[in-house]
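K.L.:
no sequence for this one, just the structure:
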């Protein structure tokens, strides 16, 4: 890997960590587990302009570094499950003709929540998790829409440059 790629990965990882940290400071409707997913914009950028392998590497770096810096082993587990499922869904969906980054983002947000709920069922009553899932899916639609719109315009701007 050349120095330019290493610098790009470092910069994108730093942006994702900063966005994740800023997001942790924002009160989002006071419902546990609901976040905007601002760093998903960076992952969408990576998916569309750098490829799936780059997006996976960035997701792993973000999960591990944010977990060690701001979270806990449990947070890493939840985040890794959400990121893995989310990325898998986004990689598959972005290959479907006619699906925009907004649709990919919404799907990624939904699958991130599903991944985290799957892990939660190991520690909490599955019924409680399943009862919470519809609320998380609604929030995924809203937050995925917001980050998808941001990514769409970011991608459009960067492609012009």
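P.N.:
Received it, and whenever you're ready, just let me know what you need. Keep in mind that what you see is a predicted model, and the values were worked out from it rather than measured.
K.L.:
Next up, the contacts around the residue positioned nearest the centre of the chain.
P.N.:
In the chain, the residue lying closest to the centroid (CA atoms, centre = their mean) is residue 40, at 3.9 Å. Taking CB atoms under 8 Å, 6 or more residues apart in numbering as the criterion, residue 40 is in contact with 86, 105, 108-109, 112, 144, 147, 151. Any C-beta I mention is one placed from the backbone N, CA and C, and that applies to glycine too.
K.L.:
Now with 7 Å, please.
P.N.:
105, 108-109, 147 (CB atoms under 7 Å, 6 or more residues apart in numbering).
K.L.:
how close does it get to residue 14?
P.N.:
Using CB to CB, to the nearest Å, one obtains 16 Å as the distance from residue 40 to residue 14.
K.L.:
ok, how many other residues are close to residue 45?
P.N.:
Residue 45 is flanked by 21 other residues according to other CB atoms under 10 Å.
K.L.:
Just the buried positions in the host helix or strand of residue 111, please.
P.N.:
Residue 111 is part of helix 101-123, with elements assigned from DSSP states H and E. For helix 101-123, the buried set under the neighbour-count rule, 16 or more other CB atoms under 10 Å, comprises 101-117, 119-120.
K.L.:
can you tell me the average pLDDT over the longest helix along the chain?
P.N.:
When the chain is scanned for its longest helix (criterion: DSSP state H), the result is helix 126-160. Rounded to a whole number, the mean pLDDT of helix 126-160 is 89.
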